[in-house]
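below are the sequence and a predicted model; questions follow.
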Amino acid sequence: MEKLIITVAPTGGQTTRQHTPYVPLTPKEIADSVYEAWQEGAAIAHIHVRDQHGKPTLDLERYIEVVDRIRDKCDIIINLTTAGAVKMNDEDRLRVCKLRPEMASFDAGSTNFGSEVFINSPDFLERLAIKMKEYQIKPEIEIFDVGMIHNALRLAEKELLKPPFHFQFVLGVKGGMPATPKNLMYLVDSIPPGSTWSALGASKDQLTINTISILLGGHVRVGMEDSVYFRKGELAKTNAQFVKRVVDLSRILGREIATPNEARSILGLNSK
């Protein structure tokens, strides 16, 4: 198997200090958390930013500050969210592409998301795909349910998304596919040959999905965006804890860990 790419998602758009006092929210906290995760073996940082009140924002200046702080410290791949949170403005979401990150999230359809609805209309997805192509950004095609794979493939037929594709399976969100081994294997069997993929299990299912992904030859995402508990009843104090656990587990299972530049090679990005 190729080396394992670990993505760290340190903040997200939903996790608050009410969930855990340890979630990083300020630009410095986010950048420091990413650096710690990189030191433990993370190759990609999936970045959400917050405003001065700790609320999700797509403000470009906040992104720039976080990205600059990270790049001053390490060579991790920057993957910016184009979602921010469930109810963000389409124009603000498209504007993120102007920052030209190496990767950015491409949520390939609409879904119920807990008590809310995460809307990604066909028109918006076409516009986002065009922007990513224009700015030479690798789409991280986020999949909450199997129909989203086919949404992405229809865009590929229009030459708006270019293979080889990279899919991020998001399992366990209330409203999306449950985080079960059977569902993960079905998603893996549903993507085109030659694609790369990563998976996460929300909340209590994080470690289970991490383990199965390692064994199936996929890649993994961890972090406080997806789960705040390191084990039942014990909050994680850092995102690096999650990364270290996956590194240890992957090596026990016989897979080495990809550096950022090795991840760039696997994903077809330009080496830094």
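The structure has been received and is ready for your questions.

which parts of the stretch 151-272 of the chain are strands?
In the stretch 151-272 of the chain, the segments counted as strands under DSSP state E, counting those that start in this stretch are 166-171, 196-201, 219-222, 229-231, 234-235.

ok, which of the ones you listed comes nearest residue 30?
strand 219-222 (15.4 Å; Cβ to Cβ). Backbone N, C-alpha and C define where each C-beta goes, glycine included.

mind listing residues that contact the closest one?
Strand 219-222 is touched from outside by 4-9, 46, 168, 196-200, 206, 209-210, 213-214, 239, 242-243, 245-246, with contacts defined as Cβ atoms under 8 Å, 6 or more residues apart in numbering.

just the buried residues out of those residues, in PyMOL syntax.
Those of the contacts of strand 219-222 that count as buried under 16 or more other Cβ atoms under 10 Å are selected in PyMOL with:
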select buried, resi 4+5+6+7+8+9+46+168+196+197+198+199+200+206+209+210+213+214+239+242+243+245+246
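
which residues of this protein fall in helices?
Secondary structure of the chain (DSSP state H): helices at 27-40, 60-73, 90-95, 122-134, 146-157, 181-189, 206-216, 239-252, 260-267.

now the ones you listed in TSV, with mean pLDDT and distance to residue 17?
Listed next are the helices of the chain as TSV, based on pLDDT from 0 to 100; distance: least, Cβ to Cβ, whole Å:
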stretch	mean pLDDT	distance to residue 17
helix 27-40	98	11
helix 60-73	98	18
helix 90-95	97	24
helix 122-134	98	31
helix 146-157	98	31
helix 181-189	98	31
helix 206-216	97	20
helix 239-252	98	15
helix 260-267	98	30
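
residue 232 is nearest to which of the ones you listed?
Closest approach to residue 232 among those (Cβ to Cβ): helix 206-216, 10.6 Å.

how far away from the center of its chain is the closest one?
Helix 206-216 sits 15 Å away from the centroid of its parent chain (Cα atoms, centre = their mean, to the nearest Å).

show me what it is packed up against.
Secondary-structure packing of helix 206-216 (3 or more Cβ pairs under 8 Å, 6 or more residues apart in numbering; DSSP states H and E): helix 181-189, strand 196-201, strand 219-222, helix 239-252.

now with 10 Å?
Counting by 3 or more Cβ pairs under 10 Å, 6 or more residues apart in numbering; DSSP states H and E, the packing neighbours recorded for helix 206-216 are strand 166-171, helix 181-189, strand 196-201, strand 219-222, strand 229-231, helix 239-252.

among these, which is nearest residue 134?
Between the helices and strands packed on helix 206-216, strand 166-171 lies closest to residue 134; by Cβ to Cβ that is 18.4 Å.

quick one, that closest one and helix 260-267 angle?
Per axes from the mean of the first three to the mean of the last three Cα atoms, to 10 degrees, the angle that strand 166-171 makes with helix 260-267 is 100 degrees.

walk me through which strands strand 166-171 pairs with, and which way each runs.
Paired strands of strand 166-171, with direction, are strand 138-143 (parallel), strand 196-201 (parallel) (DSSP bridges).

burial measure for residue 143, as a count.
Residue 143: 27 surrounding residues under other Cβ atoms under 10 Å.

who's in contact with it?
Residues in contact with residue 143 (Cβ atoms under 10 Å, 6 or more residues apart in numbering) are 106-109, 111, 149, 151-152, 167-171, 176-177, 187, 190-191, 197, 199.
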